[in-house]
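**Student:** 3D model of this:
(chains A and B)
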Protein chains: 2
Amino acid sequence: MNRIITISRQFGSGGRTIGKEVAKELGIPCYDKELIEKIAEETGYASEYIMEESEYAPNASGFAYSFLGRGSDGLSNADRIWFAQRKVILNLAEKENCVIVGRCADYLLKDKADCLNVFIYATPEFRAQRIVKLYGESPVAPLKRLADKDKKRKLNYKYFTEQEWGKTQNYHMCLDSGYLGIENVVDLIVNNTFRKKGEIESGK
Amino acid sequence: MNRIITISRQFGSGGRTIGKEVAKELGIPCYDKELIEKIAEETGYASEYIMEESEYAPNASGFAYSFLGRGSDGLSNADRIWFAQRKVILNLAEKENCVIVGRCADYLLKDKADCLNVFIYATPEFRAQRIVKLYGESPVAPLKRLADKDKKRKLNYKYFTEQEWGKTQNYHMCLDSGYLGIENVVDLIVNNTFRKKGEIESGK
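**Tutor:** This next block holds a predicted model:
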């Protein structure tokens, strides 16, 4: 069975960078925005639409409006994206060892794949500094941008999984990237990726 | 400034064993039940009473009854124990590098000491197996014993700190000891105990 590393992350915590570095170290692919392209192929929707309509949506009320309206077949666009996302992620997990960032992969692969589930977070101050450095200034204050993004991820996760995003018990390791350092977090994940199944079961 | 490792843990997750092993590896003291003795000295209450009245209480309703009743000075026994616990923990943190298990030390030392805060958890199945192996069978089913203990710890933490026990953001690392293995968790903590302050601040 392939080993999948799922990375869930607070906005600005460096989760995406960490996912890419982990994949590079292990010599396996990392799926992040590439998932959007695959979901676009499945649904026939434009990538931009999928990005806007899901966790990357810039506006929560717009999100809810267009996301939850239902078509003539009784499925909302959100549902169609969700089912495509599920299919894409299950297929990837069957194909090869890989890293998957975001998109409820931890939940979708629960009991279906051999996963190491990681949650990356950091203080609002660390994340605010990091997003301004990476994405530049914006008319919206950094702390507000963080709160908006995370609220959306939390709602999206709750809506589809009925689970609480960022709750320790849903992951094997939850790491504060601001405190532990991004490179160190990469090492911690890489070093724990291929723990032997026997070790895991006996908890030794 | 001394470096303090605080370990919060779900019942049966091996947090106490992990704390002791970490302290042994680092050659520093570990305070767990020893805290009770110190709180007993401060308050004049018997150790057994303190154990019964706080997180080790076997019965939640009894806990609430005797814990929240107030004396003639307006303080409840719970308050007296809380203030003594705070004093004992702050004194220890001023004295030397050490490991402190439980007793809201992460909260009490927030902004007052140089801490690595760790939360240890595991699946109910792993913990149930572990408590039966360690403490033997009991008339109460293992999963019920886990739920009772954790509920008490959660309520105690919430009552005094107004924070949520086990919420990722209150810790620097949250580790599933069943999945990662107890010895491995010890190593992860030891290896991250003395990260240099500069590295922490820049998040590198």
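**Student:** from chain A, which residue is nearest to chain B?
**Tutor:** residue A:174 (3.7 Å; CB to the nearest CB). In this view, the C-beta of every residue, glycine as well, is placed from N, C-alpha and C.
**Student:** got the residues of chain A near chain B?
**Tutor:** Proximity of chain A to chain B (CB under 8 Å from any CB of the partner chain) is limited to residues A:14, A:119, A:121-123, A:126, A:130, A:166-169, A:171-184, A:188, A:192, A:195, A:199-200, A:202-204.
**Student:** Now do the helices in chain A.
**Tutor:** A:15-26, A:33-43, A:47-53, A:60-68, A:77-95, A:105-108, A:124-135, A:142-161, A:177-180, A:182-193, A:197-202 (DSSP state H).
**Student:** Going by contacts, tell me the helices and strands next to the fifth one.
**Tutor:** By that I understand helix A:77-95. Helix A:77-95 is packed against helix A:33-43, helix A:47-53, helix A:60-68, strand A:98-101, helix A:105-108, with contacts defined by 3 or more CB pairs under 8 Å, 6 or more residues apart in numbering or on different chains; DSSP states H and E.
**Student:** for the longest one, packing partners?
**Tutor:** With contacts defined as 3+ CB pairs under 8 Å, 6+ apart, helix A:33-43 has these neighbours: helix A:47-53, helix A:77-95.
**Student:** Also compute the angle for that helix relative to helix A:15-26, please.
**Tutor:** Using axes from the mean of the first three to the mean of the last three CA atoms, to 10 degrees, one finds that helix A:33-43 and helix A:15-26 are set 100 degrees apart in direction.
**Student:** What values do phi and psi take at residue A:103?
**Tutor:** When quoted as degrees, to the nearest 10, the phi and psi of residue A:103 stand at phi 60, psi 30.
**Student:** Tell me how many other residues crowd it.
**Tutor:** Applying other CB atoms under 10 Å in any protein chain shown, we find 27 residues neighbouring residue A:103.
**Student:** On the pLDDT front, check residue A:66 for me.
**Tutor:** Note on residue A:66: pLDDT of 49.
**Student:** before we move on, what about the one 4 residues further on?
**Tutor:** Note for residue A:70: predicted pLDDT of 63.
**Student:** so what's residue A:157 closest to, chain neighbours aside?
**Tutor:** residue A:165 (3.8 Å; CB to CB, 6 or more residues apart in numbering or on different chains).
**Student:** check contacts around the one you found.
**Tutor:** Contacts for residue A:165 (CB atoms under 8 Å, 6 or more residues apart in numbering or on different chains) come out as A:8, A:153-154, A:157-158.
**Student:** give me that answer again for 10 Å
**Tutor:** A:8, A:10, A:104, A:106-107, A:119, A:150, A:153-158 (CB atoms under 10 Å, 6 or more residues apart in numbering or on different chains).
**Student:** next one: residue A:50
**Tutor:** By CB under 10 Å, 6+ apart, the neighbours of residue A:50 are A:35-40, A:42-43, A:56, A:77, A:80-81, A:84-85.
**Student:** Out of these, the closest to residue A:138 would be?
**Tutor:** residue A:56 (14.5 Å; CB to CB).
**Student:** Could you tell me the per-residue confidence at the closest one?
**Tutor:** 44.
**Student:** Kindly report the same for residue A:116.
**Tutor:** 94.
**Student:** Which residue, other than its chain neighbours, is closest to it?
**Tutor:** According to CB to CB, 6+ apart, the nearest residue to residue A:116 is residue A:5 (4.9 Å).
**Student:** confidence score at that neighbour?
**Tutor:** On the pLDDT scale, residue A:5 gets 96.
**Student:** can you count the residues close to it?
**Tutor:** 26.
**Student:** swap in residue A:162?
**Tutor:** 8.
**Student:** Could you do residue A:44 as well?
**Tutor:** That count, for residue A:44 with other CB under 10 Å as the rule, works out to 8.
**Student:** In contact with it: list those residues for me.
**Tutor:** A:80, A:84.
**Student:** Next one: it from residue A:81, what distance?
**Tutor:** 11 Å (CB to CB, to the nearest Å).
**Student:** Mutual contacts of these two, please.
**Tutor:** Common neighbours of residue A:44 and residue A:81 (CB under 10 Å, 6+ apart) do not exist.
**Student:** pLDDT weak spots in chain A?
**Tutor:** A:54-72, A:195-204 (pLDDT under 70).
**Student:** Just give me the residue right at the centre of it.
**Tutor:** residue A:102 (0.8 Å; CA atoms, centre = their mean).
**Student:** what sits against that residue?
**Tutor:** A:6-9, A:15-16, A:19, A:31-33, A:35, A:54-56, A:153, A:156-157.
**Student:** Return the set of buried residues in stretch A:17-34.
**Tutor:** A:17-23, A:26, A:28, A:30-32 (16 or more other CB atoms under 10 Å in any protein chain shown).
**Student:** sorry, back to before: just the buried ones from the contacts of residue A:102, in PyMOL syntax?
**Tutor:** Remark: buried members of the contacts of residue A:102, expressed as a PyMOL selection using 16+ other CB under 10 Å:
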select buried, chain A and resi 6+7+8+9+15+16+19+31+32+35+54+55+56+153+156+157
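**Student:** For the closest residue to residue A:43 other than its chain neighbours, grab the count of nearby residues.
**Tutor:** Nearest non-adjacent residue to residue A:43, counting by CB to CB, 6+ apart: residue A:84, 4.7 Å away. Burial of residue A:84 is recorded as 20 neighbouring residues (other CB under 10 Å).
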